[in-house]
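A.B. asks: Got a predicted model here, sequence first, then my questions.
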Amino acid sequence: MTRGLVAVLLLLCVAAAAAYGAAGPGAAVGATRGVAGRGPARAQRYRGSARLRLLRPLRFSAVLSTPYIMKREPRMIEVNITGDNENETRTELVEEELRGNDRYEGFCIDLLEEITREIKMKYQIVLKEDGVYGAYDLHTDTWTGVIGDVVHQRTDAAIGDITITDSRDVVVDFTRPWLTSGIGLLTYRGNYEYGREFSLLLPFSVELWLAILATCVAVALLIFLLARLSPLERDPPAGATQDHCHHSWTPFTCCGSVWFAFATLFRQFTLLQPRAGSTRVLAAVWWLFVLLVVASYVATLSSILTLQGLASRNKIRSIYDLPTQDAIKYTSIYGGSTWEFLRNSQSDSLQRIFSNMRREAYNSPPIMSTAAGVEYVRDGEGKTSFFMEVPSIDYIIERQCDLQQLPGVIGENSYAIALQQDSLLLDVFNAALLRVREDGRLDQIRKRWWMDRRGGGRCMTEDWISDTPSARPMNTEDFCIMWLVLAVGAAVAVLLAVLECCWRASTES
């Protein structure tokens, strides 16, 4: 009788544990959800009880998405291997064996480490092999992807670049956003056309334009001083009247010198002609400098206009130019948050964009992941583009230098962790996220995975910029030899002016 009673009690315990495991920790702690509203005080009140009732690690559904969740590359480690003889050992390099959560790395993994460290919980990553984030399937009346795992309580939560949408917010609870951004367009480098309004200023950089103007003013000042210093420049011209000699003993006044310098720069004729050897040398060197400037400007402008004219019909200036052209195709992840945003948009321009995207999806296999979208752009070589979130674009163009973001951002997206509905873990996670954000750990994680790890910053190196086949504006370094020639000529002119003064003094004495 006693043994039968013990057996019945054991069976009841096993059945209760099984029911708890099937419902998940979110449902277990969510039974008291309606007792109080959400808030930091409530999170603090129930944090300890929630931790005690979680008897197993939290299960997070996720999909592979760079740089949020990626497979970790195993390292080569040294292992001591014993040979046939027990005293004989050798060291070999073998591939590290990764298990459990160690198989993954990325922004969301580091963020999850910080959150679970705050709330003193363990976690387990459950990878979704199909790579689907989650959308409502009308045919099966179910949710797919990682959102479907949370809705059907196969996992406790979902993490990754999961966008908060109205339809998803109805079936799951989202934490505070850990990243907010907009939607951009990833395109092949060269599809973007600079505004032609400023094409005439593109050959020179801003610094070079200012340096040329400063040089012109300096030459005008120097020729004005030389005209005052050189006695040959002060002498009146032959045949001049006494009144002319008295009032116009030199044409290079302050205004005249400035006019001479700028007229020469813009290739205009002037009646002012230097007569002394010193001013003539300075004028000749200035003419040479202007000739080189004009030649450089014309050559660079020709290159820029030629590149702008190549395949001009394939070039667009912003996202809102897409509906007015048909040379570049574009799409997004089929059924994803960007797809839904464009479909539900009230803007006529965005509606035309979505109509073209839907037609493209019918004519070709739909894009189901970010990696497939990047390959879609690269394979198109300037004829295809891909809508995606701006943070993902920033990560890609830091490493794949043949890609760029088209100017303009539409909408606003927020990434968050998805939890089961009415889960008390929502307040716990919100409190932890707030602490991680306030003490700067979130920014450190972002910098680590966007700029430092896995080749970040490659496309900003001087080696890549110098190898990029494009007509770049000339800068001050390109004009160093010209300024050197001008400086030598000015020094010779000053020396001649001094010699002219000495010669006049010797002849008069």
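C.D. replies: Alright, I've got the coordinates.
A.B. asks: going forward, measure contacts between C-alpha atoms and count neighbours the same way
C.D. replies: OK.
A.B. asks: and Gly256, what is it in contact with?
C.D. replies: Leu272 (Cα atoms under 8 Å, 6 or more residues apart in numbering).
A.B. asks: On the secondary structure side, give me the element for it.
C.D. replies: Following DSSP states H and E, the helix or strand that holds Gly256 is helix 254-265.
A.B. asks: Extract the CA atoms of that helix and return them as CSV.
C.D. replies: The C-alpha trace of helix 254-265 is given here as CSV (Å, rounded to 0.1, in the frame of the first residue of the first chain):
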residue,chain,number,x,y,z
CYS,A,254,46.4,98.7,-55.0
CYS,A,255,43.3,98.2,-57.1
GLY,A,256,45.3,97.9,-60.3
SER,A,257,47.5,95.2,-58.9
VAL,A,258,44.4,93.2,-57.7
TRP,A,259,42.8,93.7,-61.1
PHE,A,260,45.9,92.5,-62.9
ALA,A,261,46.1,89.3,-60.8
PHE,A,262,42.5,88.3,-61.1
ALA,A,263,42.3,89.3,-64.8
THR,A,264,45.2,87.0,-65.5
LEU,A,265,43.6,84.2,-63.4
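A.B. asks: C-terminal to it, what's the next element?
C.D. replies: Downstream of helix 254-265, the first helix or strand assigned by DSSP H and E is helix 277-309.
A.B. asks: Paired strands for the helix or strand following that following helix, with orientation please.
C.D. replies: Sequence order places strand 329-331 as the next helix or strand after helix 277-309, per DSSP H and E. Each strand paired with strand 329-331, and its direction, by DSSP bridges: strand 384-389 (parallel).
A.B. asks: which residues sit against the partner strand?
C.D. replies: With Cα under 8 Å, 6+ apart, strand 384-389 has contacts from 181-188, 328-333, 338, 370, 373-374, 376-378, 413.
A.B. asks: next one: stretch 392-410
C.D. replies: Contact with stretch 392-410 is made by 66-67, 182-189, 192, 317-319, 378, 390, 450-451, 455-460, as judged by Cα under 8 Å, 6+ apart.
A.B. asks: List the buried residues for it?
C.D. replies: Neighbour counts over stretch 392-410 (16 or more other Cα atoms under 10 Å) mark 392-401, 403-406, 409-410 as buried.
A.B. asks: about what we covered before: mark which of the contacts of strand 384-389 are part of helices, please.
C.D. replies: Among those, the members found in helices (DSSP state H) are 338, 370, 373-374, 376-378.
A.B. asks: Just the buried residues from the residues you listed, in ChimeraX please.
C.D. replies: Filtering those down to the buried ones (16+ other Cα under 10 Å) takes a single ChimeraX command:
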select :338,370,373,374,376,377,378
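A.B. asks: Including distance to Asp156 and pLDDT, could the ones in helices among the contacts of strand 384-389 go into JSON lines?
C.D. replies: JSON lines is the format used below for the ones in helices among the contacts of strand 384-389 (distance: Cα to Cα, whole Å; pLDDT from 0 to 100):
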{"residue": "Thr338", "distance to Asp156": "25", "pLDDT": "87"}
{"residue": "Thr370", "distance to Asp156": "25", "pLDDT": "84"}
{"residue": "Gly373", "distance to Asp156": "29", "pLDDT": "90"}
{"residue": "Val374", "distance to Asp156": "31", "pLDDT": "90"}
{"residue": "Tyr376", "distance to Asp156": "34", "pLDDT": "91"}
{"residue": "Val377", "distance to Asp156": "35", "pLDDT": "90"}
{"residue": "Arg378", "distance to Asp156": "37", "pLDDT": "87"}
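A.B. asks: got JSON lines for the ones in helices among the contacts of strand 384-389, with distance to Leu305 too?
C.D. replies: Listed next are these as JSON lines, based on distance: Cα to Cα, whole Å:
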{"residue": "Thr338", "distance to Leu305": "36"}
{"residue": "Thr370", "distance to Leu305": "35"}
{"residue": "Gly373", "distance to Leu305": "31"}
{"residue": "Val374", "distance to Leu305": "30"}
{"residue": "Tyr376", "distance to Leu305": "29"}
{"residue": "Val377", "distance to Leu305": "26"}
{"residue": "Arg378", "distance to Leu305": "25"}
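A.B. asks: From the ones in helices among the contacts of strand 384-389, pick the one nearest Leu232.
C.D. replies: Taking Cα to Cα as the measure, Leu232 sits nearest to Arg378 out of these, at 69.4 Å.
A.B. asks: list the contacts for the residue lying closest to that closest one once chain neighbours are set aside?
C.D. replies: For Arg378, ignoring the flanking residues on the chain, the nearest one in space by Cα to Cα, 6 or more residues apart in numbering is Tyr188 at 6.7 Å. Contacts for Tyr188 were tallied using Cα under 8 Å, 6+ apart; they are 377-378, 381-385, 402-404.
A.B. asks: between the residues you listed, which is closest to Ser205?
C.D. replies: Gln404 (22.0 Å).
A.B. asks: Closest one to Ser347 out of the contacts of Tyr188, please.
C.D. replies: Comparing the contacts of Tyr188 against Ser347 with Cα to Cα picks out Ser385 as the nearest, at 20.3 Å.
A.B. asks: That'll do, ta.
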